[in-house]
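>>> following is a predicted model, sequence given first.
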Amino acid sequence: MVKDHITDGERIAAVLRAEIDGRGAAGLERLSIGTVGDDATTITLDGESLAEIVPREMGVEIRFRQDVAAVRSAAETTALEARKTDDAAVVVVDSAAATKSAVDLLVAVADRLT
């Protein structure tokens, strides 16, 4: 059995973008990929910026700048942890397998912001 895990940030970001772009149901119909840049990808909610996916050497950070309290509360319902910085709530996704939890978090945050 193969025990390798994808931990490369660029590859995890690509998996996460594909999850958001490829699913129009299960709460994702309001989410879309905005700007894809060299340093970050913007995730939009109803056309407004919600978060950024920032690839790192090992994993990605999802940086939410809106309603940090809602993000931290939503993270409690997933296997991910949100930490507060000066201007954002940051969630680390350390493997491609964790993108399912990241998608669940995005849906939960979108639900809380409506």
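Alright, I've got the coordinates.
>>> what's the strand ranked longest in the chain packed up against?
Taking DSSP state E as the criterion, the chain has its longest strand at strand 48-55. Applying 3 or more Cβ pairs under 8 Å, 6 or more residues apart in numbering; DSSP states H and E, one finds that strand 48-55 contacts helix 9-22, strand 41-45, strand 60-64, helix 99-112. Bear in mind the C-beta positions are built from the backbone N, C-alpha and C, glycine included.
>>> again, only using 6 Å
Strand 48-55 makes packing contacts with helix 9-22, strand 41-45, strand 60-64 when contacts are defined by 3 or more Cβ pairs under 6 Å, 6 or more residues apart in numbering; DSSP states H and E.
>>> could you give the angle of the longest one to helix 99-112?
When you say that, I think you mean helix 9-22. Following axes from the mean of the first three to the mean of the last three Cα atoms, to 10 degrees, one obtains 50 degrees for the angle between helix 9-22 and helix 99-112.
>>> next one: helix 9-22 to chain centre, how far?
On the basis of Cα atoms, centre = their mean, to the nearest Å, helix 9-22 sits 9 Å off its chain's mean C-alpha point.
>>> quick check: buried residues in it?
Using 16 or more other Cβ atoms under 10 Å as the burial criterion, the residues of helix 9-22 that qualify are 9, 12-17, 19-20.
>>> coming back round to it: so what are the sheet partners of the longest strand of the chain and their directions?
Strand partners for strand 48-55, identified by DSSP bridges, are recorded as strand 41-45 (antiparallel), strand 60-64 (antiparallel).
>>> mind putting those in a markdown table, mean neighbour count included?
Listed next are those as a markdown table, based on neighbours: other Cβ atoms under 10 Å:
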| stretch | mean neighbour count |
| --- | --- |
| strand 41-45 | 19 |
| strand 60-64 | 24 |
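>>> just the mean pLDDT for the longest strand of the chain, thanks.
Model confidence over strand 48-55, given as mean pLDDT, is 94.
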